[in-house]
Structure formats: structure tokens, C-alpha cells
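In: the amino acid sequence is not available; the structure is as follows:
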Ligand SMILES: C[S@@+](CC[C@H](N)C(=O)[O-])C[C@H]1O[C@@H](n2cnc3c(N)ncnc32)[C@H](O)[C@@H]1O
């Protein structure tokens, strides 16, 4: 259930103060409190001393963590609850890198009222992010890989890919989705195309995936004439861009798919009324503040752009999560 929605009935004041929940999760994770608790420290004074934090703040944080179900009182101290355990870095389903990514957005969303007036993103384009603060930008892309690790196993089923072949994962970051496809479908040979700074992440996270440096702003993404793949994947790419750029990206992708081959989009797809599914409707605002001209798009918009680029046989498949698979074929 989302914060502020009890018994299906939203409460505006609860929705307003839900920011406190996010901040408690971030404070517990980013200060090291969750890691120290996972390592066995349960006393607030000892936590404050070990982590150089204010003892009164740590005691209040622990109380808030109990209030939110992230911690439980045990003896004289506190331990992480089952809900709070993934805040620790060493947890097998750790969300600690994802917390870093969301904390970045927490501050960006603070500028939403101003962004509503001018319609501009509050985050620099990827080239600048990777140049100005590579640690933050690469940390963000690691968090995307962690998210894919938790939720991305739907992609092979949603992609419609049943046979092996060469696959180009455009803007594929660390190769999370390629790796899923390699393990789910025999004979997939995947290559991530991304900005040059991102190559280290593919090596670090998914060395079974090849890497080629490219640029979405160049025709054919900077690849040579004549290079073609059986499958071109654009996962979480179109929503970063305005419609005119999406159409350009799909035109480049068309050239890179061999005749008879397939394009796969893994995208947050809105219904035509633009308010369902709920997570995708919220994602449209997220894209507005994160990427200049970004948005969530509808099935009919995606279908229209794919057909305009020359693809046919467009099919959309939805799973349990907010991201859908859209596939289409380049005619022979
Ligand atoms: C939203 S992330 C999507 C990552 C991955 N496909 C996924 O689904 O998790 C956007 C990706 O596009 C890449 N990107 C952004 N601008 C690019 C450009 N001009 N050329 C190549 N890649 C770019 C980023 O480095 C990043 O990996």
C-alpha cells in the first residue's frame, strides 16, 4: 500500500508527510546506522559514538525506525526488523545503493513546484553527470542494476524473444537486462552501447556482456554503416527524451536491426488517459524533473513512432510490475 492510502482511501495530510518516511530510510542507510545494526550494534549511544553522530538524533532515529516498522526494540537496544534488514549493504536483497539514488531524487523533487512553472528538468544530461560527478552518476547506474536484480526478471518473458541471436542493448548501462536475456534465452550474444565512461560498469557487474562506446545523439548511435543486430533493445531510454528525439532514436534503431530482426522496448507505458497504471503516472513527473523533455508515453504513441520508423507487428506485453515489453519487427 502506498503511504497515505489506508483502506484504499487516500488522506491528503498523510500523503503530505510521507516525505518523513523517505528521510528516515535515507538517514538510517546513508549514515551507516543500518550497517552497524546489521553488524550487531544495538545501543544508540554506541552507534552515535562509532559513527560520529549526535546521540540524541540517533535515539530519535531508532524510535522513528520502530514507528515505521524498520527496527524493533530488543532488550536495552534495537535491531533491524525484517523490513529494515535490506537497508544494510551486506543484505542479499540490499537496497542501500537504491537509497542513494532515491535520496538524490528526494532533493530534486523538492524543486517540483518550480519545475511545474518552467517545465525544465532539475538534473543535468548524462554526459555532464558522468563528467562532473562520475562517482554519483556511476553509483546511480549501479542502483539501476540493483533494481533490475530485484525486479528485472520479467523482461525475458515480456520481450517476446524466444531465439538466440546478436543483441544490441542501447543505453544498456551495466548490462542488467542483457544479462537476464543471456541467462533466459540460449544463444543470445549481447553488447551494451553506452557512453564511454560506463564501460567499467559492464565489466564490474556483467562481464558476460560486451561493450561498445556510442552516442545516442549521433546517427546510428555512432556505429558504422552496415553494422546490424538481430535484436535491438531500448530499455528505459525513450522516457528520458521528448517525442521528437524518441522518433529520431527509433529511426536510428531501425537501421541497426537486420531485416526480419526485432526491436524491443522495455518501457513505462501509460494508458491513453495518462493516469494509469499509478506508478507510471508518477513516473511521468519523475521524468519531467530528471530529464529535459522526459515523460511517460502511451501505447499508441509508442506504436505510432515504431510504425513511422518502419517497424510492424507491434505487440505490448504487461507483467506484474510497472514496466511493459513492446516488441516490433523490421520487415524483410
Ligand atoms: C535511464 S538509464 C537506462 C539504463 C538501462 N537501460 C536500464 O534500463 O537500467 C539511461 C542510460 O542511457 C545512457 N545514455 C545517456 N545519454 C547517452 C548518450 N548520449 N549516448 C549513449 N548512452 C547514453 C546513460 O549512460 C544510461 O546508461
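Out: Perfect, thanks for sending it. None of these values were measured; they are calculated from a predicted model.
In: when you work out contacts or count neighbours from here on, use the C-alpha atoms and nothing else.
Out: Fine.
In: wait, residue 144 sits on residue 98?
Out: Yes - between residue 144 and residue 98 there is a contact under CA atoms under 8 Å: 7.4 Å.
In: identify the contacts common to these two.
Out: Both residue 144 and residue 98 lack any common contact, where contact means CA atoms under 8 Å, 6 or more residues apart in numbering.
In: up against the ligand, what does the chain have?
Out: Counting by CA under 6 Å from any ligand atom, the residues of the chain close to the ligand are 126, 144, 171-173, 194-195, 214-217, 235-237.
In: list the buried ones in the helix or strand residue 180 falls within?
Out: Using DSSP states H and E, the element containing residue 180 is helix 176-184. By neighbour count with 16 or more other CA atoms under 10 Å, helix 176-184 contains the buried residues 176-182, 184.
In: equivalent analysis for stretch 206-221, please.
Out: Of all the residues in stretch 206-221, those buried under the rule 16+ other CA under 10 Å are 206, 209-216, 219-221.
In: contacts for it, please.
Out: If you take CA under 8 Å, 6+ apart as the criterion, stretch 206-221 is touched by 171, 174-176, 178-179, 189-196, 199, 202-203, 222-223, 249, 252-253, 255-256.
In: before we move on, back to that, considering the residues of the chain next to the ligand, which possesses the most neighbours?
Out: residue 173 (27 neighbours; other CA atoms under 10 Å).
In: hang on, the earlier thing: what about the contacts of stretch 206-221, which are in strands?
Out: Among the contacts of stretch 206-221, the residues falling in strands (DSSP state E) are 189-194.
In: dump those into JSON lines; add distance to residue 284 as well.
Out: Shown next, in JSON lines, are these (distance: CA to CA, whole Å):
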{"residue": "189", "distance to residue 284": "33"}
{"residue": "190", "distance to residue 284": "29"}
{"residue": "191", "distance to residue 284": "29"}
{"residue": "192", "distance to residue 284": "26"}
{"residue": "193", "distance to residue 284": "25"}
{"residue": "194", "distance to residue 284": "23"}
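In: in the residues you listed, find the pair that's most separated.
Out: Spatial extent of the ones in strands among the contacts of stretch 206-221 (CA to CA) is set by the pair 189 and 194 at 16.6 Å.
In: and the angle from the helix holding residue 180 to strand 188-194?
Out: Orientation of helix 176-184 against strand 188-194 (axes from the mean of the first three to the mean of the last three CA atoms, to 10 degrees) gives an angle of 180 degrees.
In: neighbouring contacts of helix 176-184?
Out: 145, 148-149, 152-153, 155-156, 167, 169, 172, 188-192, 205-206, 208-209, 235.
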